[in-house]
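Asks: Next comes the sequence, and after it the predicted model I'd like to discuss.
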Amino acid sequence: MKNLIQRARNKALSAAYSAQSKALNACGRAKAAVSNREGQGALDTAVTVLISIVLGALILAGLYLILNGTVLPSVTNRIEDMFNYQG
């Protein structure tokens, strides 16, 4: 019985020490990330996202103009011609 209690105590202490060391490690990494004054990675990502949004908007605008100006009127005329068959 004494052995069982001792093993449980040792297991609890090792779990507590492990949790404490993980918390200290996470705290150290967070402190290093906050104190880091290099914004190069974030800036590169922001510029990439901005460029992709602008290019996507331009592509969508071009497709909208092509579809509304060329494709949809011809499709509409063909559909009307099919339903107005006088044969």
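Replies: Nice, I can see it.

Asks: contacts and neighbour counts: CA atoms only from here.
Replies: OK.

Asks: And residue 31, how far from residue 43?
Replies: Distance, residue 31 to residue 43, using C-alpha to C-alpha, to the nearest Å: 20 Å.

Asks: Residue 26 now?
Replies: 24 Å.

Asks: Let me see the domain layout of the chain.
Replies: Structural domains annotated on the chain: 1-37, 39-87, as defined by automatic domain parsing.

Asks: Tabulate the ones you listed (CSV), appending mean neighbour count and mean pLDDT.
Replies: As requested, the domains of the chain are exported to CSV (neighbours: other C-alpha atoms under 10 Å; pLDDT from 0 to 100):
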stretch, mean neighbour count, mean pLDDT
domain 1-37, 11, 87
domain 39-87, 11, 83
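
Asks: quick one, helices of this structure?
Replies: 2-35, 40-66, 72-83 (DSSP state H).

Asks: Dead centre of this protein: give me the residue that sits there.
Replies: Among the residues of the chain, the one closest to the centroid is residue 49, at 11.0 Å (C-alpha atoms, centre = their mean).

Asks: Let me see the contact set for residue 57.
Replies: Applying C-alpha atoms under 8 Å, 6 or more residues apart in numbering, we find residue 57 in contact with no residue.

Asks: any idea how far residue 65 is from it?
Replies: Relative to residue 65, and taking C-alpha to C-alpha, residue 57 is found at 12 Å.

Asks: before we move on, what about residue 30?
Replies: Relative to residue 65, and taking C-alpha to C-alpha, residue 30 is found at 49 Å.

Asks: same check, this time on residue 47
Replies: 27 Å.

Asks: Residue 3 now?
Replies: For residue 3, the distance to residue 65 - C-alpha to C-alpha - is 80 Å.

Asks: Next: residue 35.
Replies: Using C-alpha to C-alpha, residue 35 is found at 49 Å from residue 65.

Asks: before we move on, what about residue 28?
Replies: Counting by C-alpha to C-alpha, the gap from residue 28 to residue 65 is 54 Å.

Asks: now do residue 19
Replies: In terms of C-alpha to C-alpha, residue 19 sits 60 Å off from residue 65.
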